[in-house]
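# This is a predicted model, with the sequence first.
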Amino acid sequence: MLFPFLKGDMMYTPLNYNQINIAAGTTNPSSVKSFNNKTFAFWERSLFHRAQSVLDIKVPSAWDGKIKDFFMYCLFKYGFVAISYDSNYGYYFQPCTLSGYDLYYQPTDAIITNPVFNGSKQLKISSECELLKLTPDYMGVWDIISYTAEKLSTLDNAINMSIINNKFAFILGARNKTASAALKKILDLVNRGEPAVVYDMKLINDPTDKEMPFQQWERKLKDSYITSDQLQDFQTILNNFDAEIGIPTIPYQKKERMVTNEADARSYDAKARSITWFNTLTSSIKEVKALYPDLNLSVKLHYDETEGTPEDIDVKGVQLNE
């Protein structure tokens, strides 16, 4: 399955004892399933779309549309694709596995497996095919996506619990049915919008031991890790991902205005990965064109050096010195 986030394995399927035992026994801690859930699949897909927006890659017109979608997925998932030429299909790309190594421990062969080819094809790199690489270590960027998606998925669940648990309600105890009925009636009147509620003074003391018949459990919401804090941490994780892949961000939790050096440092931090990807792609495109001069391939950074590096920015990201 080439698109794991599109398959339906997140739907409920009854599991027998052995399947449950394997699923629980191979995960530590067994009670936490950070990856096998719908929120993880949602964020994995969302972060993939954010990551591929960093680079504007121009491909041959024959690869546009849905073919380019497959091209981008392969490039970001696997880190490289093999590009070759066939008399029936013209110039084409395919995900592949690598074998062999040369003097500098670089792969010498690309193995392409596709049902259309009736099996596998082993092609010599630099003569029968060429590699288009996104990363210098042939690993792709899915580790960054999975790392952040797991955190967002875990915090997403905590936010849902917080929204439910932080709904403020009175928790009252009554020592007898009379007190219980009185409390319910009082709450009905309060929720109806009555400006004042008057009750019988006889209800203040229990008739048996003269003790107060009402008890209230109070919860101090301000002392809890409340939803607003969780949402801020959620945005921080997302901002960190954007900075990791090359999307300019401003830490919105910063209370004062950012000065020039801070904004520049944040911009340089955000470009570290994307520049590596850009340089690797640029270098491998040169190698591809050396073998196939007619192939139209190019790449540029979507967020160039003139964007995302304001000299003075406030916490809302508005240019102050226009």
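Looks like it came in fine.
# pretty sure V299 is in a helix, no?
No - secondary structure assignment places V299 outside any helix; it is strand (DSSP: H, G, I helix; E, B strand; the rest coil).
# For it, grab the count of nearby residues.
Using other CB atoms under 10 Å, the number of residues around V299 comes to 19. Placement of C-beta: from N, CA and C, glycine included.
# what mean pLDDT does stretch 127-146 have?
This predicted structure assigns stretch 127-146 an average pLDDT of 93.
# buried set for that stretch?
Using 16 or more other CB atoms under 10 Å as the test for burial, stretch 127-146 gives 129-135, 140-142, 144-146.
# Among those residues, name the ones in helices.
With helices defined by DSSP state H, the entries of those inside them are 142, 144-146.
# can you give me the helices for the stretch 51-200 of the chain?
In the stretch 51-200 of the chain, the helices defined using DSSP state H, counting those that start in this stretch lie at 66-78, 142-165, 177-192.
# so where's the stretch 201-322 of the chain uncertain?
Applying pLDDT under 70 to the stretch 201-322 of the chain flags residues 201-225, 250-270, 304-322.
# Contacts only, for S153.
Under the criterion of CB atoms under 8 Å, 6 or more residues apart in numbering, the neighbours of S153 are 34-35, 37, 39-40, 42-43.
# Just the buried residues of those residues.
Using 16+ other CB under 10 Å as the burial test, these include 34, 39-40, 42-43 as buried.
# Tabulate those residues (CSV), appending pLDDT.
Below are those laid out as CSV (pLDDT from 0 to 100):
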residue, pLDDT
S34, 72
T39, 88
F40, 90
F42, 92
W43, 93
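# Tell me which two of those sit farthest apart.
S34 and F42 (13.3 Å; CB to CB).
# would TSV of the contacts of S153 with distance to A182 be doable?
As requested, the contacts of S153 are arranged in TSV below (distance: CB to CB, whole Å):
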residue	distance to A182
S34	48
F35	52
N37	46
T39	44
F40	49
F42	48
W43	49
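# Quickly name whichever of those is closest to I186.
Distances from I186 to the contacts of S153, taken as CB to CB, are shortest for T39 (40.9 Å).
# Find the helix or strand that that closest one is a member of.
Per DSSP states H and E: T39 is located in helix 38-52.
# which of the residues in that helix are buried?
In terms of neighbour count (16+ other CB under 10 Å), helix 38-52 has its buried residues at 39-44, 46-48, 51-52.
# List just the nearest of those to A82.
A82 lies nearest to Q52 out of the buried residues of helix 38-52, by CB to CB, at 19.6 Å.
# circling back to that earlier point, could you dump the helix holding T39 to CSV, C-alpha only?
Taking C-alpha atoms only, helix 38-52 is exported to CSV below (Å, rounded to 0.1, in the frame of the first residue of the first chain):
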residue,chain,number,x,y,z
LYS,A,38,-7.4,8.2,13.8
THR,A,39,-5.9,11.5,15.2
PHE,A,40,-2.4,10.3,14.4
ALA,A,41,-3.5,9.4,10.9
PHE,A,42,-5.1,12.9,10.6
TRP,A,43,-2.0,14.7,11.7
GLU,A,44,0.4,12.5,9.7
ARG,A,45,-1.6,13.5,6.6
SER,A,46,-1.8,17.1,7.5
LEU,A,47,1.9,17.5,8.3
PHE,A,48,2.8,15.8,5.0
HIS,A,49,0.8,18.4,3.2
ARG,A,50,2.6,21.2,5.2
ALA,A,51,6.0,19.6,4.5
GLN,A,52,5.6,19.4,0.7
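# other SSEs contacting that helix?
When contacts are defined as 3 or more CB pairs under 8 Å, 6 or more residues apart in numbering; DSSP states H and E, helix 38-52 packs onto helix 66-78, helix 142-165, helix 227-245.
# nearest to F117, of these?
With distances scored as CB to CB, the stretch of these nearest to F117 is helix 66-78 (16.4 Å).
# Other residues contacting that closest one?
Among residues not part of helix 66-78, those counted as contacts by CB under 8 Å, 6+ apart are 2-3, 48, 51-52, 57, 59, 63, 81, 93, 95, 132, 134, 140-142.
# any chance of the buried residues of stretch 127-146 in a markdown table, with distance to Y303 too?
Compiled in a markdown table, those are given as follows (distance: CB to CB, whole Å):
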| residue | distance to Y303 |
| --- | --- |
| C129 | 32 |
| E130 | 28 |
| L131 | 26 |
| L132 | 22 |
| K133 | 21 |
| L134 | 17 |
| T135 | 19 |
| G140 | 21 |
| V141 | 16 |
| W142 | 21 |
| I144 | 17 |
| I145 | 18 |
| S146 | 23 |
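# what about T97, neighbour count?
The burial metric for T97, expressed as a neighbour count using other CB under 10 Å, is 14.
# what residues are up against it?
T97 makes contact with 110-111, 113, according to CB under 8 Å, 6+ apart.
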